[in-house]
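**Student:** take a look and give me a structure for this.
(one chain, ligands or ions: 1)
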Amino acid sequence: MKKIQVKDLDLFYGDVQALKKINLDVERNSVLALIGPSGCGKSTFIRTLNRMNDLIEGVKINGTVLLDGQDVYKEVDVIELRKRVGMVFQKPNPFPMTVYDNVAYGPRIHGIKDKKKLNEIVEKSLKAAALWDEVKDRLYKSALSLSGGQQQRLCIARTLAVEPEVILMDEPTSALDPISTMKIEELINELKNKYTIIIVTHNMQQAGRVSDYTAFFLNGELIECGPTDRVFYKPKDKRTEDYITGRFG
Ligand SMILES: Nc1ncnc2c1ncn2[C@@H]1O[C@H](COP(=O)(O)OP(=O)(O)OP(=O)(O)O)[C@@H](O)[C@H]1O
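**Tutor:** The predicted structure follows:
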């Protein structure tokens, strides 16, 4: 079974339809890149996968989103869903607390109090986010004292700490320098062995480097989705080709 199956998904912000009949499956342990011009619905789409749009007034959603075959709008509790489907945002947003407490935050909320267990989770998550060596001597310093790139890897560690199954990344490197970007891209390559990753990116080279599959959105529609090499080198739709070759957007 596919990790995520989206069927006939429509989303309206009031009268404005931002997603139109989206049908898309996401393979387990793969990286799916979402590309398309500004305002085409990429962020709206990934936010439907962990119900982040629920918080916005006037949003109406039709269609289904299945996670391991379960309807996330009907059969999965939203707290449980957000644990299973974690999210990393465009701008690193660590909490104004220590590095340690940022990573321990989620596990504590989910009821883990044992100090030894928390220590293990923090170390494991920071290692998985390729940040441990850089912060192991400053775990009790403020997360805000880290560089932007380190802060973003900390946010990834914070997401990993609750053992999600899917990680949504909304332009995770757009605020970062090239070296930090490279580190996050390398990390994505490693993480896909364990997780299913969906990344929004405006950077075609990045989509080419990190993703197994690419989905092209335009004006709220999914124009095409397939293996990244196929979408990049043999697009089925003229609009995909135009976008990828920089003719618009
Ligand atoms: N909270 C909101 N209320 C009303 N309209 C919204 C809201 N969020 C997004 N929209 C509209 O929905 C459409 C899709 O926006 P969305 O942010 O999903 O696009 P995007 O492809 O992620 O764009 P970008 O690449 O610029 O981040 C846009 O027309 C946008 O103006």
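**Student:** pull the helix or strand of the chain with the lowest mean pLDDT out as PDB, backbone CA atoms only.
**Tutor:** Across the helices and strands of the chain, mean pLDDT, DSSP states H and E gives its lowest value to helix 178-191, namely a mean of 91. Coordinates of each C-alpha in helix 178-191 appear next as PDB, following Å, rounded to 0.1, in the frame of the first residue of the first chain:
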ATOM      1  CA  PRO A 178      24.800  27.000   0.200                       C
ATOM      2  CA  ILE A 179      26.800  24.900   2.700                       C
ATOM      3  CA  SER A 180      23.900  24.600   5.100                       C
ATOM      4  CA  THR A 181      21.600  23.800   2.100                       C
ATOM      5  CA  MET A 182      24.000  21.000   1.000                       C
ATOM      6  CA  LYS A 183      24.000  19.500   4.600                       C
ATOM      7  CA  ILE A 184      20.200  19.500   4.600                       C
ATOM      8  CA  GLU A 185      20.100  17.900   1.200                       C
ATOM      9  CA  GLU A 186      22.500  15.200   2.300                       C
ATOM     10  CA  LEU A 187      20.400  14.700   5.400                       C
ATOM     11  CA  ILE A 188      17.200  14.200   3.300                       C
ATOM     12  CA  ASN A 189      19.000  11.500   1.300                       C
ATOM     13  CA  GLU A 190      19.800   9.600   4.500                       C
ATOM     14  CA  LEU A 191      16.400  10.200   6.100                       C
END
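**Student:** contacts for that helix?
**Tutor:** With contact meaning Cβ atoms under 8 Å, 6 or more residues apart in numbering, helix 178-191 is reached by 31, 128-130, 147-150, 152-153, 156, 160, 167, 169, 172-173, 176, 197, 199, 206, 209-210. Where you see a C-beta, it was placed from the backbone N, CA and C, and this is true even at glycine.
**Student:** could you list the buried residues of that helix?
**Tutor:** Buried residues in helix 178-191, counted by 16 or more other Cβ atoms under 10 Å: 180-181, 183-185, 187-188, 191.
**Student:** now do the helices in this structure.
**Tutor:** Counting by DSSP state H, the chain has helices at residues 42-49, 78-84, 99-109, 115-128, 132-135, 148-160, 178-191, 204-210, 228-233, 238-244.
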